[in-house]
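Peer 1: Got a predicted structure plus its sequence, pasted below:
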Amino acid sequence: MSFCQIEEVKKMKIGDPLDRSTDHGPQNHKAHLDKLVEFCQTGVKEGAKLVCGGHQMQRPGFFFEPTLFTDVQDHMYIAKEESFGPVMIISSFKGGDVDDVLRRANATEFGLASGVFTRDISKALYVSEKLNAGTVFVNTYNKTDVASPFGGFKQSGFGKDLGQDALNEYLKTKAVTIEY
């Protein structure tokens with residue numbers, strides 16, 4: 001974890017969700033904000049290192065600080081659950097056993113989005129294909145386009161938002177089979 005990465009998280013703009021320069025808006029209700037606070041407290045109690053954030057922002061509304069955890073182990077609550085807040089967890093691995101990393105990453109009941117950081121494009125393509133996530137970011141994170149479908153796998157949702165795939169939600173598909 002470099003100082004530069006920490007500064008990038010701290011630079012996230014938390015604010016008006018209708019402002020295109022905003023990275024993350026407020027939580028939709030107090031109960032979810034409280035859940036984020038509890039999520040972070042649990043991470044610390046279980047031994048993850050809270051590098052920055054982890055608290056409600058000191059301003060009106062249900063805004064939460066951009067948060068970064070390192071030293072996250074697979075058995076920890078924050079590694080298994082989705083926060084739906086500006087919270088990033090980093091789990092590291094040693095060696096070149098990519099299939100073991102994939103096993104670890106896919107051993108969750110969720111699959112909304114994932115990130116892969118590597119200089120090896122072959123490895124990036126292999127991992128992207130094998131990850132059970134609806135969105136895979138390579139060497140970036142959370143950069144989306146309205147033409148690109150967004151939605152998760154497993155317990156992270158059904159169907160897609162954005163892109164041509166989102167139009168399927170408005171279709172009424174029918175199959176008719178006739179023997180005559």
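Peer 2: Alright, I've got the coordinates. Numbering: from 1, shown residues only.

Peer 1: ranges for the helices of the chain?
Peer 2: 3-10, 30-45, 77-80, 98-106, 121-130 (DSSP state H).

Peer 1: how about those helices in CSV, adding distance to residue 139 and mean pLDDT?
Peer 2: (C-beta placed from N, C-alpha, C; glycine too.) Below are the helices of the chain laid out as CSV (distance: least, C-beta to C-beta, whole Å; pLDDT from 0 to 100):
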stretch, distance to residue 139, mean pLDDT
helix 3-10, 13, 72
helix 30-45, 25, 97
helix 77-80, 22, 93
helix 98-106, 16, 91
helix 121-130, 7, 93
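
Peer 1: measure residue 157 to residue 39 for me?
Peer 2: Residue 157 sits at a distance of 19 Å from residue 39 (criterion: C-beta to C-beta, to the nearest Å).

Peer 1: same check, this time on residue 24
Peer 2: In this structure, residue 24 and residue 39 are 15 Å apart, going by C-beta to C-beta.

Peer 1: And for residue 125?
Peer 2: To residue 39, residue 125 is 32 Å away according to C-beta to C-beta.

Peer 1: likewise residue 139?
Peer 2: Distance from residue 139 to residue 39, counting by C-beta to C-beta: 27 Å.

Peer 1: These two: which is more packed in?
Peer 2: Comparing residue 139 with residue 39 by neighbour count (other C-beta atoms under 10 Å), the higher total belongs to residue 39, at 21 against 11.

Peer 1: And for the closest residue to the more buried one other than its chain neighbours, the neighbour number?
Peer 2: Counting by C-beta to C-beta, 6 or more residues apart in numbering, residue 83 is the residue found nearest to residue 39 once chain neighbours are left out, at 5.1 Å. Under the neighbour criterion other C-beta under 10 Å, residue 83 is assigned a count of 17.

Peer 1: Mind listing residues that contact stretch 38-56?
Peer 2: Under the criterion C-beta atoms under 8 Å, 6 or more residues apart in numbering, residues 1, 6, 9-10, 33, 37, 62-73, 76-78, 81, 83, 85-87, 89 lie in contact with stretch 38-56.

Peer 1: Pull out the buried residues from stretch 53-69.
Peer 2: 53, 54, 56, 57, 62, 63, 64, 65, 66, 67, 68, 69 (16 or more other C-beta atoms under 10 Å).

Peer 1: Thank you, goodbye.
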